[in-house]
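J.: I would like to see how this sequence folds:
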Amino acid sequence: MVVNPDIASKLGISGEELDVIEVEHAPGTTHGYITRRKYLVELLDDNITLSSTHAYIAVDPYLTEPLMTDATIDELGIQVISFKRGLWRHLKDPIDKTRRSVGSPNNSETYSGTW
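T.: Sure, this is the predicted structure:
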């Protein structure tokens, strides 16, 4: 898991719990932080725990939204249907069930910005 400092603070992660690490970004190498221990990560739907795992939490001050590694996604049983639309199902869901990520755009939204 990778979060920004604001989210890390809300999770109760303090600077004393973090080690400095090198982070590769497109423009080059910078520094970030990682917890010394793993934290419980739960996949929730309507406050019901679908699955859980333990993961280190990295803190990146340049991050705009939380990220999960492919290993964490797999351990939580998330099966992605559409990254762009935020559609997924849980490993134990019936094949016809589709879930929507929190904050994902409507299917009807289109990009209207400048390239």
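J.: Could I get the full set of helices for the chain?
T.: Counting by DSSP state H, the chain forms helices over residues 5-10, 70-75, given from the N-terminal end onward.
J.: list the buried ones in the first one?
T.: For helix 5-10, the buried set under the neighbour-count rule, 16 or more other C-beta atoms under 10 Å, comprises 7-8. Yep, even glycine has a C-beta here, placed from its N, CA and C like the rest.
J.: now it: mean pLDDT?
T.: Averaging pLDDT along helix 5-10 yields 93.
J.: Do I have it right that Leu67 meets Val23?
T.: No: counting by C-beta atoms under 8 Å, Leu67 stays clear of Val23, with 11.6 Å between them.
J.: more neighbours, the two?
T.: Taking neighbours as other C-beta atoms under 10 Å, Leu67 and Val23 compare with Val23 leading, 18 against 12.
J.: Pipe the helices of the chain into JSON lines and attach distance to His90 per row.
T.: What follows is the helices of the chain, written out as JSON lines (distance: least, C-beta to C-beta, whole Å):
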{"stretch": "helix 5-10", "distance to His90": "23"}
{"stretch": "helix 70-75", "distance to His90": "11"}
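J.: for those helices, which one sits closest to Ile57?
T.: Proximity of the helices of the chain to Ile57 was assessed by C-beta to C-beta; the nearest stretch is helix 5-10, lying at 6.8 Å.
J.: With just CA atoms, put the closest one into CSV.
T.: Coordinates of the C-alpha atoms in helix 5-10 are reproduced here as CSV (Å, rounded to 0.1, in the frame of the first residue of the first chain):
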residue,chain,number,x,y,z
PRO,A,5,1.1,11.9,4.4
ASP,A,6,-2.4,13.1,5.0
ILE,A,7,-3.9,9.5,4.8
ALA,A,8,-0.9,8.1,6.8
SER,A,9,-1.7,10.6,9.5
LYS,A,10,-5.4,9.6,9.5
